[in-house]
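Engineer: below is the sequence, then the predicted model.
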Amino acid sequence: MGWDRFELLGKLTQTACQSSVGRRTSGSAHCRLPPLLSVWKEAILEPNIKPCWKPTDTNLGRIHDLRIDKMYDEPVSPETAVAEFLEMKAPEVSDATIQNLRYRLKEFRRWTDDVGLDDMRELAGRQCEQFKLARSSSGLAPITMRHHMRTFRQFVRWCGVVGYCRRDLHEYVRVPSVKKEDRRRSDALSYERANRIKSFLAKLEYSSRQHIIFALLWHTGMRTGSARALDVSDVKHADDGTMYLAVRHRPDTKTPLKLGAEGDRNVTIGDPSLASAIDDWIAHKRPSVEDDYGREPLLATDEGRASTSTLRIDIYRATQPCMIDDCPHGEDPETCDHVGYVEPGGCPSAVGPHAIRRSAITATLNQGVPKEIVSERASVNVDTLTEHYDVRTKEQSRTTRQEYVEDLRF
């Protein structure tokens, strides 16, 4: 256990000692430490406390007496533990993060069903390692495996704090390290293919929701959550007639941005054909609906604001290769289960919204737009952009920089 948890306990212990100065035992101040047990629990729950002192051998023994190592007397199912963990996290993180946590821990619940573990008190280091091996053998990419195990470790740590398992069990959960070259996802959309899809949609699905969401993500590189958060009133025009979108964080009406208010920005629509398609969508094809809060969503269905899964399906369908070419997998589009609305994400060559975002950011960088500009436009810091989104080759990066340095004469 690191010393970073002791600051609050240290300060309150000192206060308790000072208040008990009148009570002497063997010539030293006698501190009543047991009443601080609840404070110690709060200190454990706060992992970001900075150190102010380190316990000596003497007071370390007293602190050990304060640790709440006793587990619950009644069985606690993995399902209950996961549900309570997500409920605890919900006020602290975005809806998208909760969805990711729920998905990763769903695999833990499935594993406990497979091995017959129905009481969290029975979870031990051996089982944690077995779960890790099970996830590793499922073919996860290295970076995905790391994300899954970090979530699992965080969950086990919380379970230890509330008494659902051993307090120190999380220390036995090994999170794999990942090489820098493995930190980027490989799914992407080439510049040529993206533009062919956009042209196809502009001709045969003009100003449909599918056309708008694909073209919008490709042109701006924004997250699906940001696009989903847009209202009709967020479509604005500058004095020179240029369209821009006012992306805003509105958590009270269920459209938060991943970065919160820091993600607020105005995004220029520099493609006149896309601007016209958005105007036509609003004027002629967008369902005339409001969401549950009286807002008019830009990306709407007949029921209200389009869900994230609905927009994801739109992207999967748009990127199925048989939309513009012959099937590379030898399937007949008339009989293929993945065409249309049936399992749209099952096509091996279709990609999701995040691949569009990553590909769009790379394409923008290849056009010579500085990283700082792309960072603001796509709401991602430069370091993250470089590590996870910039998939240009070294030669592509060099040629992009060339126009900035070719006139240097010193």
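Structural biologist: Sure thing, it's come through. Values in this document were obtained by computation on a predicted structure and should not be read as measured data.
Engineer: find the nearest non-adjacent residue to residue 376, please.
Structural biologist: residue 265 (6.5 Å; C-beta to C-beta, 6 or more residues apart in numbering). C-beta coordinates here come from the backbone N, C-alpha and C atoms, glycine included.
Engineer: wait, what's in contact with that neighbour?
Structural biologist: Residues in contact with residue 265, defined by C-beta atoms under 8 Å, 6 or more residues apart in numbering, are 247, 376-377, 379.
Engineer: 7 Å - rerun?
Structural biologist: Contacts for residue 265 were tallied using C-beta atoms under 7 Å, 6 or more residues apart in numbering; they are 247, 376, 379.
Engineer: for the residue lying closest to residue 285 once chain neighbours are set aside, give me the pLDDT.
Structural biologist: Residue nearest to residue 285 in three dimensions, not counting chain neighbours: residue 207, with 5.4 Å by C-beta to C-beta, 6+ apart. Listed pLDDT for residue 207 reads 96.
Engineer: can you check the one 5 residues further on too?
Structural biologist: The predicted local distance difference test score for residue 212 is 98.
Engineer: surely it forms part of a helix?
Structural biologist: Yes. Membership of residue 212 in a helix is supported by DSSP: H, G, I helix; E, B strand; the rest coil.
Engineer: how much space between the residue nearest to residue 376 and residue 245?
Structural biologist: 9 Å (C-beta to C-beta, to the nearest Å).
Engineer: for residue 305, same thing?
Structural biologist: The gap separating residue 305 from residue 245 is 16 Å, by C-beta to C-beta.
Engineer: what does residue 72 give?
Structural biologist: Distance from residue 72 to residue 245, by C-beta to C-beta: 50 Å.
Engineer: go on, residue 348?
Structural biologist: Here residue 348 is placed at a distance of 33 Å from residue 245 (C-beta to C-beta).
Engineer: tell me which helix or strand the residue nearest the centre of the chain sits in.
Structural biologist: In the chain, the residue lying closest to the centroid (C-alpha atoms, centre = their mean) is residue 97, at 4.5 Å. Secondary structure assignment for residue 97, by DSSP states H and E: helix 95-115.
Engineer: next, the buried residues of that helix.
Structural biologist: Using 16 or more other C-beta atoms under 10 Å as the test for burial, helix 95-115 gives 101-102, 104-105, 107-109, 111-112.
Engineer: cool, stretch 265-277 as well?
Structural biologist: For stretch 265-277, burial by neighbour count (16+ other C-beta under 10 Å) applies to 265, 267, 269, 271, 274-275, 277.
Engineer: right, I'll call it a day here.
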